[in-house]
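1. with the sequence up front, the predicted model follows.
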Amino acid sequence: MKRRLWSRYFSGIVTLVVGLGLTLAGFLLTRRVEEAQRLSEFNHLATQRVAQLQRDIDARLSAVRALAAQMSAVKDPDSEYFETAALALLESFPGFRTLEWAPRVPRAQREAFEQAMRASGQPDFAIRDLNQGVWTKAPDRDEYFPVKYSLSNNAHDLALGLDRQSEKSLLLARAQRDVVGSRPNIPLAGDGDTSGAMLFAPALRSTNSSSGEQDALVGFVTASYHASELLARSPRGKNTPPMSLQMYDITEPDSRYVLIDDSLAQRGPFQSPSQEGRGEPSGGVFYTDIVVFAQRKLWVGFRPNEDYAIGSRWGSWATLCVGLALTMGLSRYLIVTAIETHWIGELVKERTAELSAANKALTEEVAHRREAQRELQTEKSYLQHLLTVHERDRQLTAFEIHDGLVQDATAALMMLEGMLARQEEKGQPAPDLQTAVDSLRNLIQEARRLMQGLRPPVLDDLGVVAAISCLIEEQPHDWGRFEFQHEVEFSRLNPLLESTIYRIVQESLANIVWHSQATRARVLLRQNGNRLLLEIQDWGVGFDPENVSGNGFGLQGIRKRAALFDAEVRIDSQPEAGTRIAIVFPVVDDSAGTEQAAADARQTTADL
């Protein structure tokens with residue numbers, strides 16, 4: 001009794017246990033999904049910040065390019081022109097420390113250039129180099145790019161006369177004809193900070209001469225900047241969620257340089273991230289990307305601060321509460337319905353016994369029907385095989401007649417014709433010999449007609465449509481008028497199906513000629529999708545189908561042959577009203593097999 005009670009309430013208890021487990025698993029899974037969603041939202045925000053940073057960088061580069069274009073537009077611009085254009089750029093982008101104009105000075109113009117600068121208020125001006133903090137006179141070079149004008153936020157002009165020709169970034173900018181940035185460890189004049197960097201923008205003037213790049217380059221606009229001041233503005237707006245920014249210059253493979261890192265107390269050389277720009281230089285970086293600034297590759301990383309949180313966590317707690325409620329409700333429902341299930345079970349047993357008996361009887365009936373269907377299919381396959389063998393035997397018989405009787409008769413005919421020709425040349429008529437020649441010719445013609453009736457070669461070579469056309473043409477011309485209409489889409493059919501259609505038409509035409517007393521008959525072959533209609537009709541005396549007993553082929557043979565392909569046969573005939581035979585075949589397209597069979601027989605039947 002206790003075991004029955006336990007089994008009766010087992011489903012409710014199991015549901016309770018499993019429901020509690022699933023509820024706890026759902027709670028933990030929902031918590032994980034919420035964390036993933038917060039991370040996804042953070043990555044989306046970080047992506048927007050990176051895009052904004054790239055747009056601001058492009059805007060600064062465009063401003064430097066515009067200043068270079070302004071300087072190249074005027075021949076020998078003065079200091080006032082430069083200061084007006086440069087001041088506007090410094091006001092728009094305070095991150096730039098110094099803007100300089102370094103014109104191109106060929107060697108032949110160096111002395112004149114220095115004298116002109118001294119006469120303009122720079123008595124100590126000279127084209128110089130700066131080597132390890134020591135100013136020296138620039139050696140002879142093919143050309144120079146000395147700083148002619150300088151505008152700085154800190155009012156420093158210590159770089160006047162400094163030849164920028166030796167700068168690697170300038171040479172790269174000249175080769176690429178675009179703005180190029182230097183490594184971010186160039187000292188900025190007067191502030192002792194080693195985190196500065198410079199931009200070199202070539203000033204190119206359009207020219208109609210063919211002297212090349214040297215004529216188009218008129219100088220360089222250089223801009224010095226503090227990386228943290230210039231690049232840290234975009235991702236730190238008023239509405240930016242709390243997140244720390246990390247930015248590293250990773251252009252050179254041998255060293256990295258920290259531009260911005262909210263987690264570091266100072267800036268300086270740093271060995272991470274990797275050259276490919278991925279990594280977590282200070283740990284816990286959730287989003288990283290690469291931006292390009294004046295041919296420099298900058299690694300950018302964002303990491304959420306401790307107080308960063310997106311969305312609420314009510315979903316997991318709601319899942320827990322709903323899961324507990326559903327579990328308790330379902331368990332109670334199962335336990336309450338267990339009693340009703342007990343009573344219903346007894347009724348189900350009775351109905352199950354009745355259904356089992358009915359199912360057993362139905363299974364036996366189905367088995368009997370399947371066995372009958374199997375036997376019918378076996379018989380149909382056997383009949384198809386017999387027909388195939390029969391057609392093959394007829395074809396082989398035709399081959400034997402050709403290879404034996406026809407060839408021997410043809411050889412004898414050739415010999416007799418030769419003898420007859422020699423007798424005629426001698427002027428000695430041989431009527432008996434002529435009679436023998438004519439007899440042999442009739443024998444050969446009759447043998448060929450017999451082979452044609454056994455297995456027409458056109459059926460193997462061209463298909464059933466051409467074979468029916470030839471069959472109609474062979475009918476007696478004095479009988480009446482035969483019509484053949486065909487509307488088909490296939491090229492060839494299954495060989496057995498073609499033989500079946502041909503034999504049905506052949507037998508039907510023979511019946512029409514011998515029994516119908518008609519003067520007109522029609523054969524129709526029409527394809528409709530995968531169905532093929534064969535209709536043979538005459539307008540003769542007709543007959544009563546119920547009073548006709550067929551032996552051999554006849555009507556019974558037509559039905560048997562059609563049944564091999566599950567074809568629908570309908571024979572309509574009445575006395576003095578003609579006869580109509582309609583058969584609907586399934587289209588069994590076997591053009592590949594038909595062409596192969598025709599190719600096998602074509603060589604042997606070529607002379608028939």
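-> Looks like it arrived, so ask away.
2. which residue is the nearest non-sequential neighbour of S224?
-> Leaving aside its chain neighbours, S224 sits nearest to T98 (4.4 Å; criterion: CB to CB, 6 or more residues apart in numbering). No exception for glycine: its C-beta is placed from N, CA and C like everyone else's.
3. where does that neighbour sit: helix, strand or coil?
-> Three-state assignment for T98 (DSSP: H, G, I helix; E, B strand; the rest coil): strand.
4. okay but it is in contact with A159, surely?
-> Yes - using CB atoms under 8 Å, T98 is in contact with A159, at 7.4 Å.
5. look at L172 and report its pLDDT.
-> pLDDT recorded at L172 is 91.
6. what number of residues lie near it?
-> Neighbour count of L172, defined by other CB atoms under 10 Å: 15.
7. same check on the one 3 residues further on?
-> Residues within reach of A175, counting by other CB under 10 Å, total 11.
8. who touches the helix or strand containing it?
-> Assigned by DSSP states H and E, A175 falls within helix 168-176. With contact meaning CB atoms under 8 Å, 6 or more residues apart in numbering, helix 168-176 is reached by 145, 164, 179-182, 198, 200-202, 213, 217, 220, 222, 295.
9. return the set of buried residues in stretch 458-478.
-> V458, L459, D460, D461, L462, G463, V464, V465, A467, I468, L471 (16 or more other CB atoms under 10 Å).
10. how far does that stretch sit from the chain's center?
-> Between the centre of stretch 458-478 and the centre of its host chain there is 50 Å, according to CA atoms, centre = their mean, to the nearest Å.
11. restricting to C-alpha, output that stretch in PDB.
-> Taking C-alpha atoms only, stretch 458-478 is exported to PDB below (Å, rounded to 0.1, in the frame of the first residue of the first chain):
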ATOM      1  CA  VAL A 458      14.100   2.600 -86.200                       C
ATOM      2  CA  LEU A 459      12.600   1.800 -82.700                       C
ATOM      3  CA  ASP A 460      16.100   1.400 -81.300                       C
ATOM      4  CA  ASP A 461      17.700   4.200 -83.300                       C
ATOM      5  CA  LEU A 462      15.100   7.000 -83.200                       C
ATOM      6  CA  GLY A 463      12.400   6.100 -80.700                       C
ATOM      7  CA  VAL A 464       8.800   5.300 -80.500                       C
ATOM      8  CA  VAL A 465       7.500   8.400 -82.400                       C
ATOM      9  CA  ALA A 466       9.600   7.700 -85.500                       C
ATOM     10  CA  ALA A 467       8.800   3.900 -85.300                       C
ATOM     11  CA  ILE A 468       5.000   4.600 -85.300                       C
ATOM     12  CA  SER A 469       5.400   7.000 -88.200                       C
ATOM     13  CA  CYS A 470       7.200   4.200 -90.200                       C
ATOM     14  CA  LEU A 471       4.600   1.700 -89.100                       C
ATOM     15  CA  ILE A 472       1.800   3.800 -90.500                       C
ATOM     16  CA  GLU A 473       3.700   4.400 -93.800                       C
ATOM     17  CA  GLU A 474       4.000   0.600 -94.200                       C
ATOM     18  CA  GLN A 475       0.200   0.100 -94.100                       C
ATOM     19  CA  PRO A 476      -1.600  -0.800 -97.400                       C
ATOM     20  CA  HIS A 477      -2.100   2.300 -99.400                       C
ATOM     21  CA  ASP A 478      -5.300   1.000-100.900                       C
END
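12. what does stretch 287-296 contact?
-> With CB under 8 Å, 6+ apart, stretch 287-296 has contacts from 42-43, 46-47, 50, 53-54, 57, 61, 172, 176, 178-181, 184, 199, 231, 249, 251, 273, 277-280, 297-303.
13. let me fix that, I meant to ask about stretch 128-146.
-> Against stretch 128-146 from outside (CB under 8 Å, 6+ apart): 102-107, 110, 113, 126-127, 161-166, 170, 219-220.
14. go again using 10 Å as the cut-off
-> 100-110, 113-114, 117, 125-127, 147, 158-167, 170, 174, 187, 200, 214, 217, 219-220, 222 (CB atoms under 10 Å, 6 or more residues apart in numbering).
15. list the buried ones in it?
-> R128, A138, Y144, F145, P146.
16. just for the stretch 51-200 of the chain, where's the confidence low?
-> Within the stretch 51-200 of the chain, the segments meeting pLDDT under 70 span 154-158, 185-195.
17. again with the stretch 201-350 of the chain
-> For the stretch 201-350 of the chain, applying pLDDT under 70 flags the ranges 207-215, 227-242, 262-286, 306-314.
18. go again using 80 as the cut-off
-> Along the stretch 201-350 of the chain, the parts satisfying pLDDT under 80 run over 206-215, 226-244, 253-286, 304-317, 332-336, 338-343, 345.
19. how about the strands in it?
-> 217-226, 243-249, 256-261, 269-270, 287-293, 296-304 (DSSP state E, counting those that start in this stretch).
20. next, count neighbours for the residue nearest to L298 when sequence neighbours are not counted.
-> Among residues not flanking L298 along the chain, V291 sits closest, at 5.0 Å (CB to CB, 6+ apart). By other CB under 10 Å, the residues close to V291 number 20.
21. from the contacts of stretch 128-146, which ones fall inside helices?
-> R110, F113, E114, M117, L170, R174, Q214 (DSSP state H).
22. now a PyMOL select for only the buried ones of those.
-> In PyMOL, this line selects whichever of the ones in helices among the contacts of stretch 128-146 come out buried by 16+ other CB under 10 Å:
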select buried, resi 110+113+114+117+170+174
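23. next, format the ones in helices among the contacts of stretch 128-146 as a markdown table and append distance to D566.
-> What follows is the ones in helices among the contacts of stretch 128-146, written out as a markdown table (distance: CB to CB, whole Å):
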| residue | distance to D566 |
| --- | --- |
| R110 | 106 |
| F113 | 106 |
| E114 | 110 |
| M117 | 109 |
| L170 | 91 |
| R174 | 88 |
| Q214 | 92 |
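24. out of the ones in helices among the contacts of stretch 128-146, who's nearest I536?
-> R174 (95.3 Å; CB to CB).
25. the residue nearest to S224 reaches L90, doesn't it?
-> Yes - counting by CB atoms under 10 Å, L90 is a contact partner of T98 at 9.0 Å.
26. anything in contact with each of the two?
-> Listed contacts common to T98 and L90 are L151, S152, N153, A223; contacts here mean CB under 10 Å, 6+ apart.
27. can you redo these as CSV with secondary structure?
-> Supplementary listing: the shared contacts of T98 and L90 in CSV, determined by three-state DSSP:
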residue, secondary structure
L151, strand
S152, strand
N153, coil
A223, strand
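28. longest helix in this structure, please.
-> Per DSSP H, the chain has its longest helix at helix 314-400.
29. which helices and strands does it pack with?
-> helix 2-8, helix 10-73, helix 431-454, helix 457-461, helix 495-511, helix 554-563, helix 591-605 (3 or more CB pairs under 10 Å, 6 or more residues apart in numbering; DSSP states H and E).
30. helix 431-454 and that one, what's the angle between them?
-> Interaxial angle, helix 314-400 versus helix 431-454 (axes from the mean of the first three to the mean of the last three CA atoms, to 10 degrees): 160 degrees.
31. for T98 and L90, indicate the residue with more neighbours.
-> T98 (26 against 19).
32. next, the contact list for the nearest residue to G19 once chain neighbours are set aside, please.
-> Nearest residue to G19 in three dimensions, chain neighbours excluded: T327, at 2.9 Å (CB to CB, 6+ apart). Counting by CB under 10 Å, 6+ apart, T327 makes contact with T15, L16, V17, V18, G19, L20, G21, L22, T23.
33. just the buried ones among these, please.
-> The buried subset of those (16+ other CB under 10 Å) comprises T15, L16, G19, T23.
34. now the residues you listed in a markdown table, with distance to P575 and pLDDT?
-> A markdown table is the format used below for the buried ones among the contacts of T327 (distance: CB to CB, whole Å; pLDDT from 0 to 100):
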| residue | distance to P575 | pLDDT |
| --- | --- | --- |
| T15 | 81 | 81 |
| L16 | 87 | 79 |
| G19 | 84 | 83 |
| T23 | 87 | 85 |
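35. which of those residues lies closest to M415?
-> So of the buried ones among the contacts of T327, ranked by how close each gets to M415 (CB to CB), first place is T15, at 104.5 Å.
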